[in-house]
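Q: what would the 3D arrangement of this be:
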Amino acid sequence: MMHKVIEPKILYFGTPVVLISTANEDGSFNLAPFSSVWWINQSCMAGLSQHSQTYTNLERERECVLNLPSADLVAAVDRLALLTGKKEFPASKREMGYEYEPNKFKKAALYPAKADLVDAPLAEECPIQLEAKVEKIHRFDEPGSIAAIEMKIVRCHVHQHILMDNGKDYIDPEKWKPLMMSFCEFFTLTSKLHPSKLAEPFTTMYYNN
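A: Residues are numbered from 1 along each chain as shown. All right, here's what the predicted structure looks like:
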């Protein structure tokens, strides 16, 4: 097997798609897809452009909802791909085909539902909806004006059809089909490849407790 040294423009090897909903200054809502995200314990780290309406809203409101779409919502997510909630945005985005859209929930044909602990709305159709509060904002010193935003998950809404059958608060990974992005293309998970030794103690704990 031969390797070659390359310089790829992006490093989206494969991450889940998230629809992040935030409250605009005028009380309306913004909805935006992104996939630069990772999770640990009850926290999330999200990578976002500082030029986006989502970043502006997060910096001001310090809260949001992280909606995780399933694979069957791919068309709704794709309808948001080249839309921005900012009236004024960089010429580079305009050259890529971006357009201003003030009502992105309607454009995606998704329904904004009231959250419990934050003012941003839930995307009703998404099987997983995570209400979150901003803890810290880390700005990158590099071209592109990227920021890493650390958030704490304060409430988790999960559709019953992806939970384990034992009635415990545990998502069944064989039922959950997240929408994934790899190098700007949409994918989803295949069937389980091999049993995981790491999963054994967690599964036993949830089934027996």
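Q: would you map the strands across this protein?
A: With DSSP state E as the criterion, the chain has strands at 15-16, 18-23, 29-34, 37-40, 43-49, 63-68, 83-84, 99-100, 112-113, 122-123, 128-139, 146-158, 179-182, 185-188.
Q: just put these in TSV and tack on mean pLDDT and distance to residue 171.
A: Placement of C-beta: from N, CA and C, glycine included. Putting the strands of the chain into TSV (pLDDT from 0 to 100; distance: least, CB to CB, whole Å) gives the following:
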stretch	mean pLDDT	distance to residue 171
strand 15-16	92	13
strand 18-23	98	16
strand 29-34	97	21
strand 37-40	93	12
strand 43-49	94	16
strand 63-68	98	10
strand 83-84	94	30
strand 99-100	94	36
strand 112-113	98	20
strand 122-123	98	17
strand 128-139	96	8
strand 146-158	96	6
strand 179-182	94	15
strand 185-188	93	15
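Q: and those strands as TSV, adding distance to residue 2 and mean neighbour count?
A: Converted to TSV, the strands of the chain look like this (distance: least, CB to CB, whole Å; neighbours: other CB atoms under 10 Å):
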stretch	distance to residue 2	mean neighbour count
strand 15-16	27	17
strand 18-23	36	26
strand 29-34	34	23
strand 37-40	31	13
strand 43-49	32	18
strand 63-68	38	25
strand 83-84	42	22
strand 99-100	43	12
strand 112-113	51	16
strand 122-123	44	24
strand 128-139	38	18
strand 146-158	33	17
strand 179-182	22	18
strand 185-188	25	14
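Q: would you reformat those strands as a markdown table and include distance to residue 57?
A: A markdown table is the format used below for these (distance: least, CB to CB, whole Å):
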| stretch | distance to residue 57 |
| --- | --- |
| strand 15-16 | 21 |
| strand 18-23 | 4 |
| strand 29-34 | 6 |
| strand 37-40 | 17 |
| strand 43-49 | 10 |
| strand 63-68 | 7 |
| strand 83-84 | 12 |
| strand 99-100 | 15 |
| strand 112-113 | 14 |
| strand 122-123 | 15 |
| strand 128-139 | 10 |
| strand 146-158 | 11 |
| strand 179-182 | 22 |
| strand 185-188 | 25 |
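Q: can you tell me which of these comes nearest to residue 5?
A: Ranking those by their distance to residue 5 (criterion: CB to CB) puts strand 179-182 first, at 20.9 Å.
Q: elements contacting that closest one?
A: If contacts are counted by 3 or more CB pairs under 8 Å, 6 or more residues apart in numbering; DSSP states H and E, strand 179-182 sits against strand 15-16, strand 185-188.
Q: ok, residues contacting the first one?
A: What that stands for is strand 15-16. With contact meaning CB atoms under 8 Å, 6 or more residues apart in numbering, strand 15-16 is reached by 35-38, 68, 178-182.
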